[in-house]
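In: what follows is a predicted protein model with its sequence.
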Amino acid sequence: MEKLISSFLCIGAGLAITLQLLVGSFLIGATVGSLLSILRYSNISRICTFLIDRAVSVIRGTPLILQLSLIYFSVPCVLGIRLSATSAGIIAFGVNSSAYIAEILRSGIESLAKGQFEAAQTLGIPKFYMWKDIIMPQVIADIFPALVNEIITLLKETALIATIGGADIMRRSQTLAAERYEYFVPLCIAGVYYYLLVALIEFVGKKIESKQLHVKG
Amino acid sequence: MLKVNDVYKSFNDTKVLEGIAVDISKSKVFGLAGPSGSGKSTLLRCMQGLETPDRGSIEHNGKMCFMFQDFQLFPHMTVIQNLLYAPNLNKKKHKKHDKEQQANALMRNLGLESKKHAYPKSLSGGEKQRVALARSLMIDPETLLCDEPTSGLDVATTTDVVLLLKSVCETAGVTMVIASHNLDFLTEISDRIVLLKSGKIVADIETRMHDDPINYLKKYY
């Protein structure tokens, strides 16, 4: 029993890194993803739309582990900047997530009635306020379940940080397993931590979703 | 002043408006009649600037506002928020207070007081119509463009809308351009009616100059 508790505590120490990766990369993903979607739908220029479409396609079309390795191993060679495993992870997961969030937002914006944009235009609402107060609140309410899904996927993808040495839940469970020559218990403990986090995200997501019901017309 | 100068508009080789020229300046309530697909809504949208004519131009001065057929209220805002959001943007505190008073007066006149904090999805069709009208009036337009304001409403509510639009036109001094396929409604409310068919003007009448404007228009319908 004591061994089990010490295993839980040892692996749980990786929770801070996992949460840093999740929060940091989601903030980057949500910000960059929203900007990409808004820029794409603002019809600034055809070149801008083309570049955004290509960037999203390339990010979604290459493995996340490749993007993570590129940022962690290549950035120091190309730019001469040394990144910690956590920083590289936050950037890689954030950029990757931004492409998926941009796509989720695209579907939300496309499903919104064109009349909402036109109503804002006829009332003389400037574009910044139109996006901030009219369009985005409705789009986010519509895509909220997909966004919660993306957060859950992102959480599970943070386990890839173990491949470049980040001491998250996954890495700590692997280390403990290697030390004790026993894989079953440490990996199950890591699974329990991930599942509890996912269950928490689902719970909070459902609470928020139920409060947003009035938004859906 | 609102003047349509020889406007043409096509969508993918389908000609929707063909050489529309009309001066609306002298009318208080201007009716745009015509069957479905005749180009009424497209002409209204060109007037508002929601569509760009392929040829020709629209001349207007003063603020214009557009009332959509399906109202397009903001579903995440309450009735009062729908009314106050646009006029209160970037306004100073005392001006916001003036607008709040204007919104309260409008809601009182339109019988919406009890719905002040309701969300659009809980309103009936007639109530949504009145909120849409109040929201348009809150930006103090000189011209109000209404696209099919009676579609989807029952006979009793349509009569209410006629009375309401008439009184708004008189009290707020707003010029109205109303597109509708409902000739009874249009002759009841308009001082001039232009009938569109396949994107062209086929009749243009002053309603008070005709004994039976409905039957006259029906000949061209």
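Out: Done, it's in.
In: who are the contact partners of residue B:2?
Out: B:23-25, B:47, B:58-60, B:64, B:143, B:175, B:177 (C-beta atoms under 8 Å, 6 or more residues apart in numbering or on different chains). (C-beta placed from N, C-alpha, C; glycine too.)
In: up against chain B, what does chain A have?
Out: A:113, A:115-116, A:118-126, A:129, A:133-134, A:137-138, A:141, A:214-217 (C-beta under 8 Å from any C-beta of the partner chain).
In: of these, select the buried ones using a PyMOL command.
Out: The following PyMOL line selects those of the residues of chain A next to chain B that are buried, judged by 16 or more other C-beta atoms under 10 Å in any protein chain shown:
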select buried, chain A and resi 115+116+118+119+120+121+122+123+125+133+134+137+138+141+214+215
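In: quick test: name the residue nearest the centre of chain B.
Out: Centroid check for chain B by C-alpha atoms, centre = their mean gives residue B:146 as the closest residue, at 1.4 Å.
In: please identify which helix or strand holds that one.
Out: strand B:143-147 (DSSP states H and E).
In: one more: residue B:10?
Out: If you go by DSSP H and E, residue B:10 is part of strand B:2-11.
In: by how many degrees do that strand and strand B:143-147 diverge?
Out: Inter-element angle recorded for strand B:2-11 and strand B:143-147: 30 degrees (by axes from the mean of the first three to the mean of the last three C-alpha atoms, to 10 degrees).
In: strand B:2-11 pairs with which strands?
Out: The strands beside strand B:2-11 in its sheet (DSSP bridges) come out as strand B:14-23 (antiparallel), strand B:55-60 (antiparallel).
In: could I get the helix or strand containing residue B:30 in CSV with only the CA atoms?
Out: Element membership of residue B:30 [criterion: DSSP H and E] is strand B:29-33. Provided in CSV are the C-alpha atoms of strand B:29-33 (Å, rounded to 0.1, in the frame of the first residue of the first chain):
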residue,chain,number,x,y,z
VAL,B,29,-44.3,54.9,-47.2
PHE,B,30,-43.1,53.4,-50.5
GLY,B,31,-44.3,49.9,-51.4
LEU,B,32,-42.3,47.4,-53.5
ALA,B,33,-44.7,44.7,-54.6
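In: for chain B, where's the lowest mean pLDDT among helices and strands?
Out: For chain B, using mean pLDDT, DSSP states H and E, the weakest element among its helices and strands is helix B:155-172, scoring a mean of 79.
In: what comes into contact with stretch B:203-210?
Out: B:22, B:31, B:187, B:190-195, B:213, B:216-217, B:220.
In: repeat the analysis, applying 10 Å as the threshold.
Out: B:22, B:26-27, B:29, B:31, B:33-34, B:186-197, B:213-214, B:216-221 (C-beta atoms under 10 Å, 6 or more residues apart in numbering or on different chains).
In: which residues does residue A:95 contact?
Out: Per C-beta under 10 Å, 6+ apart, neighbours of residue A:95: A:25, A:28-29, A:32-33, A:55, A:59, A:64, A:67-68, A:71.
In: show me what contacts residue B:196?
Out: Neighbour list for residue B:196: B:16-18, B:20, B:22, B:32-35, B:37-40, B:42-43, B:179, B:202-203, B:220 [criterion: C-beta under 10 Å, 6+ apart].
In: at 7 Å instead, please
Out: For residue B:196, the contact set (C-beta atoms under 7 Å, 6 or more residues apart in numbering or on different chains) comprises B:32, B:34, B:38-40.
In: which ones among those also lie next to chain A?
Out: Among the contacts of residue B:196, no residue lies close to chain A (C-beta under 7 Å from any C-beta of the partner chain).
In: in the contacts of residue B:2, find the pair that's most separated.
Out: Within the contacts of residue B:2, two members stand farthest from each other by C-beta to C-beta: B:23 and B:64, at 15.6 Å.
In: which one of those two has more residues nearby?
Out: Neighbours per residue (other C-beta atoms under 10 Å in any protein chain shown) separate residue B:23 from residue B:64, with residue B:64 holding more: 22 against 13.
In: I'd say the more buried one and residue B:50 touch.
Out: No: in this structure, residue B:64 is not within contact of residue B:50 by C-beta atoms under 7 Å, at 10.7 Å.
In: near chain A, which residues of chain B show up?
Out: B:48, B:50, B:65-66, B:68, B:70, B:72, B:74-76, B:85-86, B:89, B:119-121, B:139.
In: now with 10 Å, please.
Out: Residues of chain B that fall close to chain A, judged by C-beta under 10 Å from any C-beta of the partner chain: B:45, B:48-50, B:63-78, B:81-82, B:85-87, B:89-90, B:118-122, B:132, B:135-136, B:138-139, B:141, B:145.
In: need the contacts of residue B:196 in CSV with neighbour count and distance to residue B:10, can you?
Out: Shown next, in CSV, are the contacts of residue B:196 (neighbours: other C-beta atoms under 10 Å in any protein chain shown; distance: C-beta to C-beta, whole Å):
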residue, neighbour count, distance to residue B:10
B:32, 29, 19
B:34, 29, 17
B:38, 23, 15
B:39, 24, 11
B:40, 26, 16
